[in-house]
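Peer 1: need a structure here:
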Amino acid sequence: MLKTVVVAELIFVIVLSAVTITLKAAIFRKKSITSTWNQCPALCLLLISNALLAVLGALFATQWLLFALGLIENIPENSLFLTVVGRLFMILQLFNHCSAVGLFAQRVYCLLYPAKIVTNFNYIILGILLIIFLCGSIMPIYSTITFTTPTGYPVPEGCFSFSCMKGYSSSVRLSLSAFSAAISTIVTVLGSYMVYLLYKRRKTRRSVLEKNKNNFASYVFVVRFIDQTIPFFADTILSASMNVYLGNYLGPYGVIGAATDYTIQTIVYYMIIRNHKRLTTVSTAT
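Peer 2: Okay, the predicted model is just below:
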């Protein structure tokens, strides 16, 4: 793994995170969190988790950039320090995935039953996803406390990526991989069904608000599938069949995919609410 490549990738993540944080501030000024929650709780949680991911992504990239430059030493005492931010990023990413599932589920429900009130369905889905999130968060937290011990070099020589660190036992690693694969499969299947319904019922007349929700949900699915789902399954298949790990060659590809994902989502949502506000202003003036 070339140090110069990793440094460039980490700087790229910092830039994307800065763009996301800036646009999020503008978004929350234009449209309050309360207003978004009342319209779609899952969408609100997705937007908030994207903002938090951007903050953690910037911290994560800065931490490993300092490590790659030799300003953070590769010593046993830094094991926990190098682990915590990465684990928190993974946990928050799981929350982000669950929020996306909630958004897709709400869109599917509204497409199948447009005349029904969606409030109760929203809270049922959020309750189920909260349980899934808590179950999925226990293992990373437990492994961080149990398996992060200050012995030996925390990062193998010549590697500058969190994925190189062996902070899990084999059983925990296998369980986490299976859980992540299950969540990714749910996101893919539900998102694909949502896109299918949107195409099938594309001629149905909807309000501007509903169109905006559907358009944003479609962007979320497509971008997530390209930036996160495909690399995840590629890494899983290669590591299981050939013992080849993408992180050892591509660096922090998972964080790069996540950063690209939340940045594009933020840009798209910013454009949607900006155009919606313009249309509202024009219609009011006329």
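
Peer 1: mind listing what's buried in the host helix or strand of A61?
Peer 2: According to DSSP states H and E, A61 maps onto helix 41-68. For helix 41-68, a neighbour-count test (16 or more other Cβ atoms under 10 Å) marks 41-54, 56-58, 60-65, 67-68 as buried. For glycine as for every other residue, the C-beta is placed from the backbone atoms N, C-alpha and C.

Peer 1: looking only at pLDDT, what's the mean for the helix or strand following that helix?
Peer 2: Counting by DSSP H and E, the element after helix 41-68 in chain order, helix or strand, is helix 79-112. Helix 79-112 shows a mean pLDDT of 90.

Peer 1: Report the buried residues of helix 79-112.
Peer 2: Going by neighbour count (16+ other Cβ under 10 Å), the buried part of helix 79-112 is 79-80, 82-83, 85-111.

Peer 1: so how far is that helix from its chain's centroid?
Peer 2: Relative to its chain's centre, helix 79-112 lies at 6 Å (Cα atoms, centre = their mean, to the nearest Å).

Peer 1: And stretch 118-137, by the same measure?
Peer 2: 17 Å.

Peer 1: got it, and stretch 229-239?
Peer 2: Offset of stretch 229-239 from its chain centre (Cα atoms, centre = their mean): 16 Å.

Peer 1: give me the low-pLDDT residue ranges for the stretch 101-250 of the chain?
Peer 2: 140, 142-152, 163, 165-175 (pLDDT under 70).

Peer 1: got the residue ranges for the helices in it?
Peer 2: Assigned by DSSP state H, counting those that start in this stretch, the stretch 101-250 of the chain shows helices spanning 119-147, 170-200, 208-224, 230-242, 246-250.

Peer 1: Reformat these as TSV; add mean neighbour count.
Peer 2: Below are those laid out as TSV (neighbours: other Cβ atoms under 10 Å):
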stretch	mean neighbour count
helix 119-147	15
helix 170-200	15
helix 208-224	18
helix 230-242	14
helix 246-250	17
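
Peer 1: In TSV, list those along with distance to T266.
Peer 2: Formatted as TSV, those follow (distance: least, Cβ to Cβ, whole Å):
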stretch	distance to T266
helix 119-147	21
helix 170-200	18
helix 208-224	11
helix 230-242	20
helix 246-250	24
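
Peer 1: So which of those helices is nearest V19?
Peer 2: Closest approach to V19 among the helices of the stretch 101-250 of the chain (Cβ to Cβ): helix 208-224, 14.8 Å.

Peer 1: C-alpha coordinates for that closest one, CSV please?
Peer 2: Extracted C-alpha coordinates of helix 208-224, given in CSV (Å, rounded to 0.1, in the frame of the first residue of the first chain):
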residue,chain,number,x,y,z
VAL,A,208,-44.4,18.0,-5.4
LEU,A,209,-43.4,16.8,-1.8
GLU,A,210,-44.1,13.2,-2.7
LYS,A,211,-42.1,13.5,-5.9
ASN,A,212,-39.2,15.0,-4.0
LYS,A,213,-39.2,12.2,-1.4
ASN,A,214,-39.3,9.6,-4.2
ASN,A,215,-36.5,11.2,-6.2
PHE,A,216,-34.3,11.5,-3.1
ALA,A,217,-34.9,8.0,-2.0
SER,A,218,-34.0,6.8,-5.5
TYR,A,219,-30.7,8.7,-5.4
VAL,A,220,-29.9,7.3,-2.0
PHE,A,221,-30.4,3.7,-3.3
VAL,A,222,-28.4,4.1,-6.5
VAL,A,223,-25.5,6.0,-4.9
ARG,A,224,-25.3,3.6,-1.9
